[in-house]
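>>> next comes the sequence, and after it the predicted model I'd like to discuss.
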Amino acid sequence: MGKRSFIKIILSLITVLLSGLLSWAVAKFAAFSGDKAPSKFIPKSAIDQLQAGAPFYYVQAGVWLVREDEKSDVAVYDDKCPHLGCRYNWNSEKKVFECPCHNSAFDIKGQVKKGPANRPITSFRLSLDEKNVYRILPSAK
């Protein structure tokens, strides 16, 4: 086998591998679902125990539950910062959600108070089913 034949075979193999990789990437992208919230559940008892102004992190669903005051509905926020996906925490002294990765800050309504994040925290909505369990759904747009 000559040098030219060897190089042609190697280049053909590289082309096939790159084509396969590109095809896989396109198929993966095409199958991407726009829903940001997988089907998660929260028992009604957890919602009923929420205190106004004290966000509660519900670990099993990966969300923050917030009731601003006694009269308001419960807000549900994704536990990942919209900047780069780090998990943020509630700072009860400053009354803000703070991201430890890049110091973004959000108010109790999920709005950006300090960047680098440039959009609010992803919010979800709750739907109560017949078993007295709340299902987390993507927010209505």
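Right, received. Where do you want to start?

>>> domain ranges for this protein?
1-32, 40-138 (automatic domain parsing).

>>> could those domains be laid out in CSV, adding mean pLDDT?
Formatted as CSV, these follow (pLDDT from 0 to 100):
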stretch, mean pLDDT
domain 1-32, 87
domain 40-138, 87
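
>>> save the ones you listed as a markdown table, and put in mean neighbour count too.
Every residue, glycine included, has its C-beta placed from N, CA and C. Shown next, in a markdown table, are those (neighbours: other Cβ atoms under 10 Å):
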| stretch | mean neighbour count |
| --- | --- |
| domain 1-32 | 9 |
| domain 40-138 | 15 |
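
>>> what segments of the chain are helices?
Under the criterion DSSP state H, helices of the chain are mapped to 3-30, 44-48.

>>> for the first one, packing partners?
Packing contacts for helix 3-30, counted by 3 or more Cβ pairs under 8 Å, 6 or more residues apart in numbering; DSSP states H and E, involve no helix or strand.

>>> and that helix, how far out from the chain middle?
34 Å (Cα atoms, centre = their mean, to the nearest Å).

>>> surely A117 touches K80?
No - the criterion here is Cβ atoms under 8 Å, and A117 misses it with K80 at 10.8 Å.

>>> quick one on the thing from earlier: take the helices of the chain and lay them out in CSV including distance to G85.
Below are the helices of the chain laid out as CSV (distance: least, Cβ to Cβ, whole Å):
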stretch, distance to G85
helix 3-30, 18
helix 44-48, 24
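
>>> so which of these gets nearest Y88?
Among the helices of the chain, helix 44-48 comes nearest to Y88, with 20.0 Å by Cβ to Cβ.
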